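S.K.: coords below, sequence missing:
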């Protein structure tokens, strides 16, 4: 993987760059639709490419490990061939999912023991075998195993957790460097900065991660219960330390406003389930603000979802039609809403990139965070 930093906004820390992988180019800042089980819910690969304009999608090691399983993925030739996606893929190591199991997992120096949420069977993730698993999945960018501490964790717990994550990181890097990709294209390994909401721990972790000199770095353990202001503060602490010539990936964040604020603080890559999950439940993100399409006010509104003319589905469906579909629980409604929201997120980061290059990002961002927060 190669990263080229093309522009940096003079008024903020926002950046525009270019990532080259063996599966194609990614223009940053970028949003990655989440395809947890090997699919972005309700969205075909052709729709992701042609309507959403996705450049990279995300898969999840925990879920893919359990279903369809490593044997099937290996026989398929990796996830790209299995799900017919020929552009880049990033995989989360599964750490967040394992640690969210709470009562069904146990951490040791060796790794994370857990019970499957599907059938209760017992499994073990180690820093080494999650590398092997992601080799089999075949993602272009793979993540280190870490512990994602809750935003309310006390200092002593966060410190011990961070030390374990760092020891796991050293083991994961060693194993990654001693193994090879399986399908004839290169893979990249990203460490993850942790440290909860404590500045000194975040700085310590950022310095440790930066010292590993990998091709990119991730910031984890945010948007897990802490106030947004604290999240932004932690991003600033970390990005002041992480190398500027490497892409920075903020994991699992977030709202359109969260993304714009993080871009202004130097983040390059994002993923979140919000566009699809909220879309399935009737929340639409638009250039004019947020729409709850379930509200009766849309029942006889035959205007387009986007009043400014933008649309991310092949037909400009009306608000009234989408209201009807969502209220009825019709599958097409969830699909239209998901494509619309994903398309909006990709359009948002694409426009942010243009504003960075034009030198107008700060003023544009200030307008947008007010506009996008409106409830229509």
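M.R.: Cool, the structure landed. Fair warning: this is a prediction, and the values are worked out from it, not measured in the lab.
S.K.: was I right about residue 169 contacting residue 131?
M.R.: No - with the criterion set as C-beta atoms under 8 Å, residue 169 and residue 131 do not qualify as a contacting pair; they are 11.3 Å apart. Placement of C-beta: from N, CA and C, glycine included.
S.K.: tell me which of those two has more neighbours.
M.R.: Using other C-beta atoms under 10 Å, the more surrounded residue of residue 169 and residue 131 is residue 131, with 27 against 23.
S.K.: which SSE is that one in?
M.R.: Assignment of secondary structure by DSSP states H and E places residue 131 within helix 127-137.
S.K.: what's next to that helix, contact-wise?
M.R.: 59, 61, 64-65, 70, 73-74, 78-79, 89, 91, 93-95, 111, 142-145, 168-169, 171-172, 175-176, 179-182, 187, 189 (C-beta atoms under 8 Å, 6 or more residues apart in numbering).
S.K.: quick one: average pLDDT of whichever strand or helix holds residue 339?
M.R.: If you go by DSSP H and E, residue 339 is part of helix 331-358. In this model, helix 331-358 has a mean pLDDT of 96.
S.K.: what comes into contact with the following helix or strand past it?
M.R.: The C-terminal neighbour of helix 331-358 among helices and strands, as given by DSSP H and E, is helix 361-372. Contacts of helix 361-372 from elsewhere in the structure, counted by C-beta under 8 Å, 6+ apart, are 9, 11-12, 14, 256-257, 260-261, 263-264, 285, 287-290, 351-352, 355.
S.K.: how about the strands of the stretch 51-200 of the chain, start to end?
M.R.: 57-60, 89-92, 105-107, 112-115, 122-125, 141-143, 188-190, 192-193 (DSSP state E, counting those that start in this stretch).
S.K.: lowest-confidence stretch among these?
M.R.: Taking each of those in turn, the lowest mean pLDDT turns up on strand 105-107, with a mean of 85.
S.K.: that one packs against which elements?
M.R.: Counting contacts by 3 or more C-beta pairs under 8 Å, 6 or more residues apart in numbering; DSSP states H and E, the secondary-structure elements packed against strand 105-107 are strand 112-115.
S.K.: in its sheet, which strands sit next to the strand it packs on, and in what direction?
M.R.: Strand 112-115 has these partner strands in its sheet, going by DSSP bridges: strand 105-107 (antiparallel), strand 122-125 (antiparallel).
S.K.: closest one to residue 197 among those strands?
M.R.: Each of these was checked against residue 197 via C-beta to C-beta, and the shortest separation belongs to strand 105-107, namely 20.0 Å.
S.K.: now the closest one: buried residues?
M.R.: If you call a residue buried by 16 or more other C-beta atoms under 10 Å, then strand 105-107 has these buried ones: 105, 107.
S.K.: and stretch 169-189, by the same measure?
M.R.: Using 16+ other C-beta under 10 Å as the test for burial, stretch 169-189 gives 169, 171-173, 175-176, 187-189.
S.K.: got the contact list for it?
M.R.: By C-beta under 8 Å, 6+ apart, the list of residues contacting stretch 169-189 reads 1, 21-23, 74, 77-78, 80, 126-128, 130-132, 134-136, 138-146, 191-192, 208-209, 212, 214-216.
S.K.: now the buried members of those residues.
M.R.: Buried residues within these, defined by neighbour count using 16+ other C-beta under 10 Å: 1, 21, 23, 74, 78, 80, 126-128, 130-131, 134-136, 138-146, 191-192, 208-209, 212, 214, 216.
S.K.: who are the packing partners of the helix or strand bottoming out on mean pLDDT in the chain?
M.R.: Averaged element by element with mean pLDDT, DSSP states H and E, the chain has its least confident helix or strand at helix 95-99 (a mean of 74). With contacts taken as 3+ C-beta pairs under 8 Å, 6+ apart, helix 95-99 sits against helix 61-66, strand 112-115.
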